[in-house]
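Enquirer: When you get a sec, could you give me coordinates for this:
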Amino acid sequence: MCQNRPSRRRDGQPLSLNDPVAGTLHCVVHSDNLFHMGAPDLVEMSEPMSGIHSTVRAELADALTVDDVTASYTEDGIVLLALERISFSMAPGQFVAIVGPSGSGKSTLLDIVAGLIDPDSGTVLVNGSPSSGSERLGHAAYMKQRDLLLPWRTAVGNAAAALQVQGISRGEAEKRATERFAQFGLSGFEKSYPAQLSGGMRQRVAFVRTMLTGQSLLLLDEPFGSLDALTRMSSQEWLANALDTESRTVLLVTHDVDEAIVLADEVLVFSGRPGSIVHSEPITAQRPRDRSFLASSAFNTHRKHLLEALGIVSANGST
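Expert: The predicted structure is shown next:
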């Protein structure tokens, strides 16, 4: 049952959609700290926290469990229900995608898992252990649609920021970041500044930064939403291949049904606000999936099921 109270910020104040913590438009979660990405460089916003070790634990417990989570927020003095009784679990290394209409609470759920806000009710378990929002801060790598690259830093300097916030020297951090650039097709662009990079390359730099946090849980909020169709497709491919090489547990929010099918092991469909899970679609094809999967009968079947669950087409195929 939803409690009639707004979700709270870490400082105990009611949360609104305009709150910078709610939107996290200027915040990223990296390693064991929450940092504000602002001039003149990285500025710490929270105390260092002891974190879950970066490698995936060899435990039987689920990597993430969301149990009966309900959440609300305050807008113009009115409390609005964002999520209602959300429950699902993820095994270590599993990739789950969430699709749903705008305003259905998808990004709110990621903020809750990241520890940026608290739900009204329900439990979030990380590696089988219940945790409060403050305890989850810094235990996931969170990548937003905006790449949040620092314009005065080179590409490798931006990626290295994930290590610097852990106390690693800039020289050593940039050395380690440089070693990852070839894997993501960025060789030769280490010294380029964000303004000199294409949108797809900027997102790759942001993903290198995300991976360098060492966190086993990745939260991806529309990471390719701002890219054109062809660039988005190639970006999906390098993400899939990167995860095949270096397994992580991934929770992705996307409006792109095709993207969800190509990347995920399971797709959850959210209803309109308040968001609730109305359908779960397991995708059994082996990952990573190449472009030929887009032309397969399995892909078309999954797509039909998801479009029906979203209410875009009816069971007989009509719109």
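
Enquirer: Next, the contact list for Arg170, please.
Expert: Taking Cβ atoms under 8 Å, 6 or more residues apart in numbering, we find Arg170 in contact with 157, 160, 164. Just so you know, the C-beta spots here come from the backbone N, C-alpha and C atoms, and that holds for glycine as well.

Enquirer: so which strand or helix has the closest residue to the second one other than its chain neighbours?
Expert: If I follow you right, that is Ala160. Leaving aside its sequence neighbours, Ala160 sits nearest to Ala173 (Cβ to Cβ, 6 or more residues apart in numbering; 3.7 Å). For Ala173, the element it lies in under DSSP states H and E is helix 170-181.

Enquirer: follow-up on the earlier one: from the contacts of Arg170, which is closest to Asn127?
Expert: Distance to Asn127, by Cβ to Cβ, is smallest for Gln164 among the contacts of Arg170, at 26.3 Å.

Enquirer: ok, the residue nearest to Leu227 when sequence neighbours are not counted - how many residues close by?
Expert: The shortest distance from Leu227 to any residue that is not its chain neighbour, by Cβ to Cβ, 6+ apart, is 5.3 Å, and that residue is Gly199. Counted with other Cβ atoms under 10 Å, residues neighbouring Gly199 total 15.

Enquirer: now swap in Val96 and tell me
Expert: Here the neighbour count serves as a burial measure; for Val96 (other Cβ under 10 Å) it reads 21.

Enquirer: And the spatially closest residue to it that is not a sequence neighbour, how far from Ala309?
Expert: Spatial nearest neighbour of Val96, excluding adjacent residues (Cβ to Cβ, 6+ apart): Glu266 at 5.0 Å. Look at Glu266 and Ala309: by Cβ to Cβ, to the nearest Å, they are 13 Å apart.

Enquirer: now do Leu197
Expert: 37 Å.

Enquirer: One more: Asp68?
Expert: Per Cβ to Cβ, Asp68 is found 21 Å from Ala309.

Enquirer: Stretch 117-125: end-to-end distance?
Expert: Across stretch 117-125, the terminal residues are separated by 15 Å (Cα to Cα, to the nearest Å).

Enquirer: list the buried ones in that stretch?
Expert: By 16 or more other Cβ atoms under 10 Å, the buried positions in stretch 117-125 come out as 117-120, 122, 124-125.

Enquirer: of all those, which comes closest to Trp152?
Expert: Comparing the buried residues of stretch 117-125 against Trp152 with Cβ to Cβ places Ile117 closest, at 30.2 Å.

Enquirer: Surely that closest one is within a strand?
Expert: No. Secondary structure of Ile117, determined by DSSP: H, G, I helix; E, B strand; the rest coil: coil, with no strand assignment.

Enquirer: beta partners of Leu251?
Expert: Val96, Leu219 (DSSP bridges).

Enquirer: what about it, distance to Gln94?
Expert: With distances defined as Cβ to Cβ, the gap from Leu251 to Gln94 amounts to 9 Å.

Enquirer: of those two, who's got more company?
Expert: It is Leu251, of Leu251 and Gln94, that has more neighbours when counted by other Cβ under 10 Å, with 28 against 18.

Enquirer: Model confidence score at that one, please.
Expert: In the prediction, the pLDDT value recorded for Leu251 is 97.

Enquirer: Can I get the longest helix anywhere in the chain in CSV? Just the C-alpha atoms.
Expert: Identified as the longest helix of the chain according to DSSP state H is helix 229-245. The C-alpha coordinates for helix 229-245 follow below in CSV (Å, rounded to 0.1, in the frame of the first residue of the first chain):
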residue,chain,number,x,y,z
ALA,A,229,19.5,5.5,-35.5
LEU,A,230,22.7,4.2,-37.2
THR,A,231,25.0,5.5,-34.4
ARG,A,232,22.6,4.1,-31.8
MET,A,233,22.8,0.6,-33.5
SER,A,234,26.6,0.6,-33.6
SER,A,235,26.7,1.8,-30.0
GLN,A,236,24.4,-1.1,-29.0
GLU,A,237,26.8,-3.5,-30.6
TRP,A,238,29.9,-2.2,-28.8
LEU,A,239,28.0,-2.2,-25.5
ALA,A,240,26.9,-5.8,-26.1
ASN,A,241,30.5,-6.9,-27.0
ALA,A,242,32.0,-5.0,-24.1
LEU,A,243,29.6,-6.8,-21.6
ASP,A,244,30.5,-10.1,-23.2
THR,A,245,34.1,-9.5,-22.5
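
Enquirer: so where is this structure shaky, pLDDT-wise?
Expert: Under the criterion pLDDT under 70, the flagged ranges of the chain are 1-60, 316-319.
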